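>>> Provided below for reference: sequence and predicted model.
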Amino acid sequence: TALATRAPSSVSVDVDPPLLQHYIDGEFVATAARFENRSPVTGQLIAAVCEAGPAEVDRAVAAARRALAGPWGEASVEDRAAILYRVAAGIEARFEAFVAAEVADTGRPVEQARRLDVARGVANFRAFADLIKTAPSELFESRGPDGATLLNYVSRKPLGVVGIISPWNLPLLLLTWKVAPALAMGNCVVAKPSEESPSSATLLAEVMRDAGVPPGVFNLVHGFGPGSAGEALTRHPDVAAITFTGESRTGSQIMKTVADGVKEISFELGGKNAAVVFADADFDAAVEGVRRSSFTNAGQVCLCSERVYVERPIFERFVAALKARTETMRLDYPDAPGVDMGPVISHKHRDKVLSYYRLAVAEGATVVTGGGTPLFNDIRDAGAFVQPTILTGLPDDARCVTEEIFGPVCHIAPFDSEQEVIGRVNDSAYGLAACVWTTDLSRAHRVSRRFHTGLVWVNTWFTRDLRTPFGGTKLSGLGREGGRHSLDFYSEITTICIRL
Ligand SMILES: NC(=O)c1ccc[n+]([C@@H]2O[C@H](COP(=O)([O-])OP(=O)(O)OC[C@H]3O[C@@H](n4cnc5c(N)ncnc54)[C@H](O)[C@@H]3O)[C@@H](O)[C@H]2O)c1
Ligand SMILES: N/C(=C\C=C\C=O)C(=O)O
């Protein structure tokens, strides 16, 4: 994993790129099948990655089952918490290496990788170690029909082997958001990160090994979805549960695959999130807030606002202000001073985003700013950069207003009443997140409770308390993770009744 230790740099390429391997049963394992990992900044080769197939997935699941039957299966809450704290400390000890890994794979600004991605990797392990040490158990005392006292209490056991499939947009954050609680509850995991972002997951395996996580407890297999490691993991009969983060249609496919085995599933899927700006909002805060919620991570956050509704009295002023603020954004190398935005994850995704930019014009949109690719006249033109883009003038049923684009783009529309905007926000196949900008406290509570979404932020965005439930409704997901909701998903509950 030489790659992961390289400091982020404007142009980085090795004649012999590092080989990223699987981590199975406590050892790094190479396979003959491999695929390329390329920089989205320059298009250059940064690593070769081993691809796992059913055989490697089977080895990983078997190792996980052996670990469950070993000391790990008997570990106490204190033992598991202690190991999770060591993993958190291990990530911290290699903080800059993780930053370099995330930046190499995704081209994101170094500062974002530090402040968000890797910081949350540490926080996720600490949060669930804290939680299992303090989580209360349930016990109810009642009287039986014969008057005897009955003690009813809940006992939790691990699910067993948990399959974790994660996406490329926040690689370490989203992988550890699932690995931490799964291990906290005593499971063993087989993790399959996205083929677009293998580096930080590989580094995490090193940290797991060095932290003394027993062989087989954490396993990592690289590869793709259909016909590759991802599908093999969902099909494996000894995998008890699948926790998946990714596109809604992928979730639907995985649901079909696991249906025969009636496996536990937890899905964090797509979104077409709305930001709502009322005329009484703190105007400057709302402009900066919507810029962040539309363009952070080049719009590749499931919580990003691709739909913006602005109360008519301030609509023109808001569009002009957001345009002006957006046009000051700096697209650049990850380590460039003052960089605001990097490229999207790949040429393939860039082409998808650009196809929506063209579609928007075909659907009659006004392109207020952006709509294409920046021109650097250097190696960055071989990367996957797209311009942050603001659209107006589309009807609510336009594809660019209903379909998830997952790029740095938002469509802004005026509205005239609370009732109207609530209806428009809810008129979506998705239901992940919404963001509201208003200084009217009653209105903030009133509208937030009426949104058909799993999450609402008011006068802020993507601020997280890890003890709260996180997830979406409709096409945006199944279930909630976070706090005790993760403990519930990652454990099998037995209710025991004792007659005294
Ligand atoms: N709700 C959330 O919390 C959340 C968070 C991040 C990203 N997302 C969503 O993820 C999407 C972007 O990520 P992506 O492009 O990596 O998603 P994706 O669905 O293409 O892939 C996600 C993961 O699933 C694997 N995969 C794909 N097909 C599979 C199959 N048939 N069986 C098993 N595994 C399969 C991929 O290899 C990858 O590891 C966006 O839609 C975004 O909204 C949602
Ligand atoms: N699951 C979380 C974030 C998801 C971001 C989506 O791209 C989190 O903050 O825990």
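Thanks, I have the structure now. Ligands and ions are numbered 1, 2, ... in the order given.

>>> Of all the residues in stretch 440-459, which ones are buried?
A444, V447, S448, F451, H452, T453, G454, L455, V456, W457, V458 (16 or more other Cβ atoms under 10 Å). Any C-beta I mention is one placed from the backbone N, CA and C, and that applies to glycine too.

>>> Among those, which one lies nearest to ligand 1?
The shortest approach to ligand 1 among the buried residues of stretch 440-459 belongs to G454, at 8.5 Å (Cβ to the nearest ligand atom).

>>> Need the per-residue pLDDT for the closest one.
G454 is assigned a predicted lDDT (pLDDT) of 98.

>>> Report the contact partners of it.
G431, L432, A433, P469, F470, G471, G472, T473, S476, G477, R480 (Cβ atoms under 8 Å, 6 or more residues apart in numbering).

>>> go with 6 Å
L432, G471, G472, T473 (Cβ atoms under 6 Å, 6 or more residues apart in numbering).

>>> As JSON lines, those with pLDDT, secondary structure and distance to Q253 would be great.
Converted to JSON lines, the contacts of G454 look like this (pLDDT from 0 to 100; DSSP: H, G, I helix; E, B strand; the rest coil; distance: Cβ to Cβ, whole Å):
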{"residue": "L432", "pLDDT": "98", "secondary structure": "coil", "distance to Q253": "19"}
{"residue": "G471", "pLDDT": "98", "secondary structure": "coil", "distance to Q253": "19"}
{"residue": "G472", "pLDDT": "98", "secondary structure": "coil", "distance to Q253": "18"}
{"residue": "T473", "pLDDT": "98", "secondary structure": "strand", "distance to Q253": "20"}
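
>>> Can you report how many residues neighbour the residue of the stretch 301-450 of the chain found nearest ligand 2?
As assessed by Cβ to the nearest ligand atom, ligand 2 sits closest to C302 within the stretch 301-450 of the chain, at 3.3 Å. A count of neighbours around C302, defined by other Cβ atoms under 10 Å, yields 25.

>>> F295 reaches P408, doesn't it?
Yes. The pair F295 and P408 qualifies as a contact (Cβ atoms under 6 Å) at a distance of 4.6 Å.

>>> Return every residue with contacts to both of those two.
Joint contacts of F295 and P408 (Cβ under 6 Å, 6+ apart) are P388.

>>> Is there contact, residue-wise, from stretch 246-261 to ligand 1?
Yes. Applying Cβ under 6 Å from any ligand atom, one finds stretch 246-261 touching ligand 1 at G246, E247, T250, Q253, I254.

>>> contacts with ligand 2 among the residues you listed, please.
Counting by Cβ under 6 Å from any ligand atom, no member of the residues of stretch 246-261 next to ligand 1 is near ligand 2.

>>> Any of those buried? List them.
G246, E247, T250, Q253, I254.

>>> Against ligand 1, how distant is the one residue in the stretch 1-150 of the chain that gets nearest to ligand 2?
Relative to ligand 2, the nearest point of the stretch 1-150 of the chain is R120 (6.7 Å; Cβ to the nearest ligand atom). In this view, R120 and ligand 1 are 12 Å apart by Cβ to the nearest ligand atom, to the nearest Å.

>>> Count the neighbours of that residue for me.
Counted by other Cβ under 10 Å, the residues lying close to R120 total 19.

>>> Per-residue confidence, the residue of the stretch 301-450 of the chain closest to ligand 2, what does it come out as?
At C302, pLDDT is 98.

>>> For it, which residues are in contact?
Shown in contact with C302 (Cβ under 6 Å, 6+ apart): G271.

>>> tell me the SS of the closest residue to ligand 1 within the stretch 301-450 of the chain?
Closest residue of the stretch 301-450 of the chain to ligand 1, Cβ to the nearest ligand atom: C302 (3.2 Å). What DSSP: H, G, I helix; E, B strand; the rest coil gives for C302 is coil.

>>> Now it. Its backbone dihedrals?
phi -60, psi -20 (degrees, to the nearest 10).

>>> can you check V29 too?
Dihedral angles for V29 - degrees, to the nearest 10 - are phi -130, psi 130.

>>> next one: R126
Dihedral angles for R126 - degrees, to the nearest 10 - are phi -70, psi -40.

>>> Tally up the residues packed near the residue nearest to it when sequence neighbours are not counted, please.
Ranked by Cβ to Cβ, 6 or more residues apart in numbering and with sequence neighbours excluded, the top spatial neighbour of R126 is A88, at 4.8 Å. A88 has 23 neighbouring residues, counting by other Cβ under 10 Å.

>>> who's in contact with A88?
Going by Cβ under 6 Å, 6+ apart, A88 touches V122, F125, R126.

>>> Now for K272: which residues touch it?
K272 neighbours (Cβ under 6 Å, 6+ apart): E306, E404, S428, Y430.

>>> Dump those to TSV, plus distance to G53.
Listed next are the contacts of K272 as TSV, based on distance: Cβ to Cβ, whole Å:
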residue	distance to G53
E306	36
E404	30
S428	38
Y430	33
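
>>> which among those gets closest to V339?
E306 (22.5 Å; Cβ to Cβ).

>>> tell me which element that closest one is part of?
E306 belongs to strand 305-311 when elements are defined using DSSP states H and E.

>>> Show me how far that strand is from its chain's centre.
On the basis of Cα atoms, centre = their mean, to the nearest Å, strand 305-311 sits 22 Å off its chain's mean C-alpha point.

>>> near ligand 1 at all, that strand?
No. If you take Cβ under 6 Å from any ligand atom as the test, strand 305-311 misses ligand 1, and the best it gets is 10.2 Å.

>>> Which strands border that strand, and is each parallel or antiparallel?
strand 273-277 (parallel), strand 409-415 (parallel) (DSSP bridges).

>>> Pick the most buried one from the ones you listed.
Sort the strands paired with strand 305-311 by mean neighbour count, taking mean count of other Cβ atoms under 10 Å, and strand 273-277 sits at the top with a mean of 29.

>>> quick one, the next helix-or-strand element following it and strand 273-277 angle?
Remark: after strand 273-277, the chain's next helix or strand is helix 283-295, criterion DSSP H and E. Orientation of helix 283-295 against strand 273-277 (axes from the mean of the first three to the mean of the last three Cα atoms, to 10 degrees) gives an angle of 170 degrees.

>>> if you average pLDDT over helix 283-295, what comes out?
pLDDT averaged over helix 283-295 gives 98.

>>> helices or strands next to it in the packing?
strand 273-277, strand 305-311, helix 315-326 (3 or more Cβ pairs under 6 Å, 6 or more residues apart in numbering; DSSP states H and E).

>>> rerun at 7 Å
For helix 283-295, the packing partners by 3 or more Cβ pairs under 7 Å, 6 or more residues apart in numbering; DSSP states H and E come out as strand 273-277, strand 305-311, helix 315-326, strand 433-437.

>>> Is that helix positioned near ligand 1?
No. Judged by Cβ under 6 Å from any ligand atom, helix 283-295 stays clear of ligand 1, getting no closer than 13.9 Å.

>>> Tally up the residues packed near the spatially closest residue to P54 that is not a sequence neighbour, please.
Leaving aside its chain neighbours, P54 sits nearest to A232 (4.3 Å; criterion: Cβ to Cβ, 6+ apart). Neighbours of A232 under the rule other Cβ under 10 Å: 25.

>>> Kindly report the same for the one 5 residues further on.
The tally of other residues near P237 (other Cβ under 10 Å) stands at 9.

>>> is it fair to say it lies in a helix?
No. If the criterion is three-state DSSP, then P237 is coil and not within a helix.

>>> let's have the chain start at 5 instead
Happy to do that; since the first residue is 5 now, the last one works out to P241.

>>> related to what we said a few turns ago, would you double-check that the residue nearest to P58 falls in a helix?
Yes. Under three-state DSSP, A236 sits within a helix.

>>> What ranges does the stretch 355-504 of the chain have for its helices?
403-406, 422-430, 445-454, 488-493 (DSSP state H, counting those that start in this stretch).
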